[in-house]
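Peer 1: I would like to see how this sequence folds:
(one chain, ligands or ions: 1)
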Amino acid sequence: MSAQGQEPRPRLLSELQAHAHELPPFTPQIVSWVKWSIDRLPKDNPKILTDTFYRLLFELAPNTRSMFPEDLTPQRDRLFGALIAAAKGLEQPERVEQALRRWGVTHQRTHGVTEEMYVYVGQALVRTFKELLTGTDSMVMSSWVSVYQWMAAVMIDEAQKAALVDQNPESLMGPWHEEQPVSDQQLHAEDYATVVTQLRPRRDRAEAARRRAAGG
Ligand code: HEM
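Peer 2: Next comes the predicted model:
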């Protein structure tokens, strides 16, 4: 594939959020471009993936460095691995969406992620593919932008709901909390194995905090 055109830029977050409740804005063709690019990442050298992604992220947003552990080897990486795993599960977007919604809450409550940071992570992600897959077509890049914009919009949407609940615990009675989430294992057993193990204690803490806030 040959490099063409300019790198697509993320749309404004407000515009993204307006679409968070719509169907995923990507077609099977977009999903296949994204998967095509994942398949071509250097699997024999996972370190170059994480090195490139986090280098780009910390160049774009140095203030995010302290949010991550010192050791960002592939074995310890959780963010980049999750982005790739979520993209691999896109044939079942409703399952990915449920996971994204839970992560949106943990990102807001546990990691203190701001909306602006989602833009930088998206740029680091797209640039990682551009650097590692030389000659990547602009179709691949714009496919990643579509997919990432949707992921970020869903996470931000749920983070905002969590923030409202934190401010007003009585709103816990809403349908949001009655939903039965699809388990991470159902979503993508193989890719999520590590993430789930690490996520569970944090999720349990978030649940306990919610129960306390609700007086339960
Ligand atoms: C669509 C976008 C994103 C996805 C799918 C995603 C997914 C994940 C997942 C699944 C985890 C591990 C579970 C957890 O700790 O909650 C994680 C960890 C983390 N994410 Fe994200 N994330 C996204 C965006 C962001 C953004 C914008 C930031 C801000 C810099 C961020 C910062 C972090 C941090 C600091 C961790 C913990 C790292 C660690 O302790 O190893 N994430 N992410």
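
Peer 1: mind listing the helices for the protein?
Peer 2: Per DSSP state H, the chain has helices spanning 13-18, 28-39, 46-60, 79-88, 93-106, 115-132, 138-167, 184-213. These are given in chain order.

Peer 1: Of the ones you listed, which shows the lowest average pLDDT?
Peer 2: Lowest mean pLDDT of the helices of the chain: helix 184-213, a mean of 46.

Peer 1: So residue 131 sits against residue 55, correct?
Peer 2: No: using Cβ atoms under 8 Å, residue 131 makes no contact with residue 55, being 9.4 Å away. (C-beta placed from N, C-alpha, C; glycine too.)

Peer 1: For the helices of the chain, give me a markdown table that also has mean neighbour count.
Peer 2: Rendered in a markdown table, the data for these read as follows (neighbours: other Cβ atoms under 10 Å):
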| stretch | mean neighbour count |
| --- | --- |
| helix 13-18 | 15 |
| helix 28-39 | 16 |
| helix 46-60 | 18 |
| helix 79-88 | 21 |
| helix 93-106 | 21 |
| helix 115-132 | 20 |
| helix 138-167 | 20 |
| helix 184-213 | 14 |
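
Peer 1: I'd like these as JSON lines, with distance to the ligand appended.
Peer 2: Output for the helices of the chain, formatted as JSON lines (distance: least, Cβ to the nearest ligand atom, whole Å):
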{"stretch": "helix 13-18", "distance to the ligand": "11"}
{"stretch": "helix 28-39", "distance to the ligand": "13"}
{"stretch": "helix 46-60", "distance to the ligand": "7"}
{"stretch": "helix 79-88", "distance to the ligand": "3"}
{"stretch": "helix 93-106", "distance to the ligand": "4"}
{"stretch": "helix 115-132", "distance to the ligand": "4"}
{"stretch": "helix 138-167", "distance to the ligand": "4"}
{"stretch": "helix 184-213", "distance to the ligand": "4"}
